[in-house]
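Novice: dropping the sequence and predicted coords here.
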Amino acid sequence: MIQMLRRLTVMVADDNDEDQFLFKNSLRFCPAFLLVGRFPDGKTLLSYLAGQGSYRDRKAYPLPDLIFMDLSKPEF
């Protein structure tokens, strides 16, 4: 019997659209990862993680296994 492995959910927070595009496209070659969210800043990411506002429904907005962030921005 073949056991299906769970895909890891991934989020990226970066204000650079080109960096987000490259990250999203690189995940196409990594079937173990599922991109569940892209955020332009840390404030929006924190709202998501806290389940605030429109992000309350955890079935629609699951918590990620991994978060990639651009730490060089002051909003982060």
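Specialist: Done, it's in.

Novice: nearest residue to the middle of the chain?
Specialist: The residue at the geometric middle of the chain, judged as the C-alpha nearest the mean C-alpha position with CA atoms, centre = their mean, is Met11 (1.0 Å).

Novice: helix or strand: which one has it?
Specialist: Using DSSP states H and E, Met11 falls within strand 8-13.

Novice: show me where this structure has its strands.
Specialist: Secondary structure of the chain, counting by DSSP state E: strands at 8-13, 33-39, 66-69.

Novice: winner for burial among these?
Specialist: Of all these, strand 8-13 has the most neighbours on average by mean count of other CB atoms under 10 Å, namely a mean of 19. For the C-beta atoms, the positions are set from N, CA and C on the backbone; glycine is no exception.

Novice: tell me how far that one lies from the chain's centre.
Specialist: 3 Å (CA atoms, centre = their mean, to the nearest Å).

Novice: partners of that strand, with directions?
Specialist: In its sheet, strand 8-13 lies beside strand 33-39 (parallel), strand 66-69 (parallel), with partners assigned from DSSP bridges.

Novice: hmm, Thr9 is touching Asp65, no?
Specialist: Yes - at 5.0 Å, Thr9 counts as touching Asp65 under the criterion of CB atoms under 8 Å.
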